[in-house]
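> Sequence and predicted model, in that order:
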Amino acid sequence: MKAAITATAKYLPDSILSNRDLEKMLDTTDEWIVTRTGISERRILRDPEKATSYMCGEIARQLLEKRKIDASEIELIIVATMTPDMLFPSTACLTQGIIGAVNAWAFDLNAACSGFVFALNTAARFIESGVHKKVMVIGADKMSSILDFTDRSTAILFGDGGGGVILEPADEDGFGLLDSRLYSDGKTGQEHLLMPAGGSLHPASHETIDKKMHYIHQDGRQVFKSAVISMADVAEEIMKRNNLQADDIAYLVPHQANQRIISATAERMGVDQSKVISNVSRFGNTTAGTIPICLAELDEQGKLHHGSNLILVSFGAGYTWGGIYLKWQ
Ligand code: COA
C-alpha cells in the first residue's frame, strides 16, 4: 500500500516585505538581492500575538474543508518546523488543539528546510503499514522571529509561511509516494547554518542576547555549495532508481532557497526550466513551508493530473537533504 496526497493547502501572511523596503533598513539593493537570490519580496506575519501554530491552524482548516472531512477523522498530525511557537508543547499539539482533532496524536519534526520532505516520508510509513488512514503533514515557519534585521546576509533570504497536505492510502497501485532518499550530515553541517542559543547548550541569558545568538547564523557560501551538490545528487539518484528520464517528469518541486540553487538542480537533471516550480521571487525561503506551498499553488492552478510524476527535493540545516518521487493520484 502506498500513501497518496488527497488535499493541499497553504497560508501566506498578507504583509509584504519587498527588497525596496529592505533597502531602507539595510545596506543592500534590490538589484543585488535579485541577482544573487532571485528573491523580490517575502511575506511577514507581523501580529506579535500570532506564531507558527496560527499559520498551521489556518492550513489545517483549509485541508479539512478541501477534503470535506471532520477534524475527528485525522489520526496523526506532523508539523515540520524549526520555529515552533515554543520548545514545548509542540506546535503540532497546538495545531491539534486549534482544529479540535480529538482523535489525533501529534508531534513536531525538525529537519529545517528539509522538514516537509522528512515529515512526508515519515507520515507515509504510517499509511503504508496500515496503522493510519488519514495523516496531516504541515510545513511552516515564522522565520521573521529568528531573523536579525540588521544582518544583510541573512535578513534578505527568508519569509514567513507554510503549507500542508493530507495523506491517505492510494486508491490504485503505482500511485502516491513511490520512492524517497533522505540524508543527514551533522558533522559538516552543524557549524555553517544554525541558531546557537535557546536550547540546552546555551539557554537564554543576557549574554546570549547581547551576542545575538538567538538569530539564524549562516555561512552562505558554504551552504550554497553544499546545497547545489546535494540537491542535484539526490534528484539524480531518485531519477536513476526509478528509471525516470527528464521527459517523464511533470514537475520538479525544489526547496525554494535561492533561484541559482533551483536552476543548478534542474540543469543537472536535464529538466526543462518550464517544469521547474519556482516562487522564491514572491515568498523567499519559508524553510519547511516552501515545498507544500509550491504543491498547493500547482494544485490551485489545476496543474496536477492523474499520473503526473513529481520530484520533490530539499536541502537545509543539519545538514539535511532528500528527495521524494511521487505519482499524483
Ligand atoms: N546586499 C549587498 N551585499 C551583500 C549582501 C546584501 N544583502 N549580503 C552580502 N553582501 C556582500 C558580502 O558582504 C560580500 O561582500 P565582500 O565581497 O565585500 O566581502 C559580497 O556581498 C559577496 O558575498 P557572498 O556571501 O560571497 O555572496 P554570495 O554570492 O555567496 O551570495 C547568498 C550570498 C547568501 C545569497 C548565497 O551564498 C546563498 O544563497 N547561500 C545559500 C543560502 C541558503 O539558501 N540558505 C538556506 C538553507 S537551504
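On my side now, so go ahead.
> residues in contact with F126?
Applying CB atoms under 8 Å, 6 or more residues apart in numbering, we find F126 in contact with L76, H132, V135. C-beta: built from backbone N, CA, C; applies to glycine.
> Just the helices from the stretch 201-329 of the chain, written as ranges.
Taking DSSP state H, counting those that start in this stretch as the test, the helices found in the stretch 201-329 of the chain are 206-210, 220-241, 259-269, 280-283, 290-300.
> Among those, show me which one is buried the most.
Among the helices of the stretch 201-329 of the chain, helix 290-300 has the highest mean neighbour count (mean count of other CB atoms under 10 Å), at a mean of 24.
> So what touches that one?
Contact with helix 290-300 is made by 5, 8-10, 12, 113, 116-117, 137-139, 161-165, 251, 253-257, 277, 279-280, 283, 286, 304, 312, 314, as judged by CB under 8 Å, 6+ apart.
> So which of those residues reach the ligand?
The subset of these within reach of the ligand, by CB under 6 Å from any ligand atom, is C113, A257.
> Kindly supply the ChimeraX command isolating those of the contacts of helix 290-300 that are buried.
To isolate the buried subset of the contacts of helix 290-300 in ChimeraX, counting by 16 or more other CB atoms under 10 Å, use the following:
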select :5,8,9,10,12,113,116,117,137,138,139,161,162,163,164,165,251,253,254,255,256,257,277,280,283,286,304,312,314
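> Now, the contacts of helix 290-300 that are in strands?
Of the contacts of helix 290-300, the ones assigned to strands by DSSP state E are 5, 8-10, 137-139, 161-165, 251, 253-254, 312, 314.
> Would you reformat the helices of the stretch 201-329 of the chain as CSV and include mean pLDDT?
Formatted as CSV, the helices of the stretch 201-329 of the chain follow (pLDDT from 0 to 100):
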stretch, mean pLDDT
helix 206-210, 98
helix 220-241, 95
helix 259-269, 92
helix 280-283, 98
helix 290-300, 98
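> any chance of those helices in TSV, plus distance to D173?
What follows is the helices of the stretch 201-329 of the chain, written out as TSV (distance: least, CB to CB, whole Å):
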stretch	distance to D173
helix 206-210	53
helix 220-241	18
helix 259-269	26
helix 280-283	36
helix 290-300	22
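> With adjacent residues omitted, what lies nearest to the residue of the stretch 1-150 of the chain found nearest the ligand?
Going by CB to the nearest ligand atom, the ligand is nearest to T28 of the stretch 1-150 of the chain, at 3.3 Å. Once flanking residues are discounted, T28 sits nearest to R152: 4.7 Å by CB to CB, 6 or more residues apart in numbering.
> and what of S53?
Leaving aside its sequence neighbours, S53 sits nearest to L94 (CB to CB, 6+ apart; 3.8 Å).
> Assign a three-state SS to that neighbour, would you?
helix (DSSP: H, G, I helix; E, B strand; the rest coil).
> Over to the one 3 residues further on?
Each residue gets one of three states, and G97 gets helix by three-state DSSP.
> Look up how far H217 lies from it.
G97 sits at a distance of 32 Å from H217 (criterion: CB to CB, to the nearest Å).
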